[in-house]
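Participant: here you go, sequence then predicted model.
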Amino acid sequence: MGHREFCERFFAALSAGDFKAQAGMLHPEFVVVEADGLPYAGVYRGIDEWKSLSKSIVQTWSDFKIRPIEYPAESENNLVVRFALPGTSRNTCKDFEPPGLELWHLHDRTLREIVTHH
């Protein structure tokens, strides 16, 4: 399975709220770095902190989805993902659809790190 297919499987598990499937795809030293300026900016490590981040995102945005647009770059251990993030702010009730860009570092067929750029 290539990096793009891995990413699509991960997004499907994320959309379904299937943390068991996600956990099986995460490297034991998984880390995600959420961009400054977001209400949940910071560094999250491991599946428990990933679940906490996911909860924070759902508490911030309603109808939140991830819609992949393209995969502009791929190398042996990295994938760049460009996507839209449609949803509605729970605070202001305003709709939004900002673009996002993430750098995924993969290791031994697992997701090792995500660095977000919004």
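Facilitator: Noted; the coordinates are in hand. Just so it is clear, the structure is predicted and the values come from calculations on it, not from any experiment.
Participant: against S54, how distant is Y40?
Facilitator: 10 Å (C-beta to C-beta, to the nearest Å). For the C-beta atoms, the positions are set from N, CA and C on the backbone; glycine is no exception.
Participant: after the helix ranked longest in the chain, next one along is what?
Facilitator: Counting residues, the longest helix in the chain under DSSP state H turns out to be helix 46-60. Note on helix 46-60: by DSSP states H and E, the next helix or strand toward the C-terminus is strand 61-62.
Participant: show me the strands in the chain, by range?
Facilitator: Taking DSSP state E as the test, the strands found in the chain are 26-34, 42-45, 61-62, 67-74, 78-84, 87-89, 95-96, 99-107, 110-117.
Participant: so which of the ones you listed gets nearest G2?
Facilitator: G2 lies closest to strand 67-74 among the strands of the chain, at 7.9 Å (C-beta to C-beta).
Participant: in that closest one, which residues are buried?
Facilitator: Across strand 67-74, burial judged by 16 or more other C-beta atoms under 10 Å covers Y71, E74.
Participant: summarise which helices and strands it is packed against.
Facilitator: helix 3-15, strand 78-84 (3 or more C-beta pairs under 8 Å, 6 or more residues apart in numbering; DSSP states H and E).
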